[in-house]
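Engineer: No sequence on hand, only this structure:
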């Protein structure tokens, strides 16, 4: 959810709650009331960002080093986080790249996680329009053989060329580790 959309929803909910409560606020001029509601929306947004930043910077137990098992012989392989980022000017979404998968974690209070195993990645591409180039953000699309997520787009990623290269390298490393070789699809 974008910052302006969050602000608009908070403003709308505040005015709706105020109207439903029956509180008389005619003494305040409309511009002052709008300023108060805007300040409240900013503080809510700052609080959400602070909670998200705390979660973002906290050592994530499961993603820093997670023991997982490879297919085939039961050999323990440690999954290590390579990169973690958030979309530019967005609340509630975190992107993770580990040595074995790409994760998109969405939600502020609850979480919804989308994952694509790196061995299923076929291709990556990125897109930037002029405004995004000036801010050095862009969209990275991961094309995979995953039946549930054939295309996964990471929106508004900072340094998209570097992140795309990290995904490409991690994909090659994981395919080599599992003994998979490149084969052109016919």
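Structural biologist: Great, that's in hand. Small disclaimer: the values here were computed from a predicted structure and weren't measured. Numbers count the residues shown, from 1 in each chain.

Engineer: Name the SS class of residue 124, please.
Structural biologist: Put simply, residue 124 is strand when judged by DSSP: H, G, I helix; E, B strand; the rest coil.

Engineer: residues contacting it?
Structural biologist: Contacts here follow CB atoms under 8 Å, 6 or more residues apart in numbering; on that basis residue 124 touches 140, 141, 142, 143, 164, 167, 168, 171. For the C-beta atoms, the positions are set from N, CA and C on the backbone; glycine is no exception.

Engineer: Select only the buried ones of these in PyMOL?
Structural biologist: Entered in PyMOL, the line below selects the buried ones among these, by 16 or more other CB atoms under 10 Å:
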select buried, resi 140+142+143+164+167+171
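
Engineer: so what are the domain limits for the protein?
Structural biologist: According to automatic domain parsing, the chain comprises the domains 3-57, 82-177.

Engineer: Switch those domains over to a markdown table; also include mean pLDDT.
Structural biologist: As requested, the domains of the chain are exported to a markdown table (pLDDT from 0 to 100):
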| stretch | mean pLDDT |
| --- | --- |
| domain 3-57 | 73 |
| domain 82-177 | 93 |
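
Engineer: Strands along this structure, start to end?
Structural biologist: Ranges of strands within the chain are 65-69, 76-85, 93-98, 101-106, 112-117, 121-127, 137-144, 151-158, based on DSSP state E.

Engineer: how far out from the middle of the chain is the third one?
Structural biologist: Centroid separation for strand 93-98 versus its chain: 6 Å, with CA atoms, centre = their mean, to the nearest Å.

Engineer: From the centre of the protein, point out the most distant residue.
Structural biologist: Distance from the centre of the chain peaks at residue 27, with 43.4 Å (CA atoms, centre = their mean).
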